[in-house]
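Novice: any chance you could fold what I've pasted below:
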Amino acid sequence: MYDRILVPTDGSEAAQAAAREAIDLAAEVGAELLVVYVIDESASNLFVSTKPMNDAIGEMKQHGTDAVADIEAMAGDADVPVTTDVVRGMHINEAIVDYATANDADLVVMGTFGRRGVEHLIGSTTERVLAKTEIPVLSVAISKSADGDPAAE
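Specialist: Residues are numbered from 1 along each chain as shown. Model (predicted):
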């Protein structure tokens with residue numbers, strides 16, 4: 001059914017929740033886990049930084065390396081084979097779709113916050129990936145608790 005399951009991560013709790021779901025599924029079906037972090041090189045992201053561009057990208061690369069390493073450790077604890085990568089992209093959603101396609105992913109598992117109203121209308125990376133790929137996408141939702149902190153549903 002699934003041989004290669006992709007989990008994009010940004011290091012967030014939503015991504016961790018998706019990773020836990022993907023690892024459980026991969027262990028169940030004997031699939032390999034692919035974990036990718038996309039360095040957001042969009043102008044809107046780099047222009048808001050007060051640091052020189054190389055420093056900002058270096059920090060994002062380190063954050064990405066840490067984020068994929070966290071999920072790699074989780075997969076290792078479950079004896080699930082894992083491959084990790086940190087890539088660069090102008091549009092995160094397109095980079096995820098390109099990575100999934102290039103690496104023959106059978107399923108993409110992504111975390112998302114349960115959003116309503118204006119936040120929902122703006123759209124999310126998960127929704128954009130869904131719109132751009134024919135690869136099945138499993139969306140793992142977490143909601144914001146009353147105090148605003150993400151909490152798994």
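
Novice: show me the strands in this protein, by range?
Specialist: 4-8, 32-40, 82-89, 107-113, 137-144, 150-152 (DSSP state E).

Novice: quick one: pLDDT of Met1?
Specialist: In this model, Met1 is scored at 85, pLDDT.

Novice: per-residue pLDDT, the nearest residue to it once chain neighbours are set aside?
Specialist: Spatial nearest neighbour of Met1, chain neighbours left out: Val29 (5.6 Å); criterion: CB to CB, 6 or more residues apart in numbering. C-betas here are computed from N, CA, C, even on glycine. For Val29, the pLDDT comes out at 98.

Novice: include distance to Ala95, mean pLDDT and mean neighbour count when you put the strands of the chain into TSV, please.
Specialist: Listed next are those as TSV, based on distance: least, CB to CB, whole Å; pLDDT from 0 to 100; neighbours: other CB atoms under 10 Å:
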stretch	distance to Ala95	mean pLDDT	mean neighbour count
strand 4-8	9	97	26
strand 32-40	4	96	23
strand 82-89	3	96	17
strand 107-113	12	90	24
strand 137-144	15	83	17
strand 150-152	23	46	15
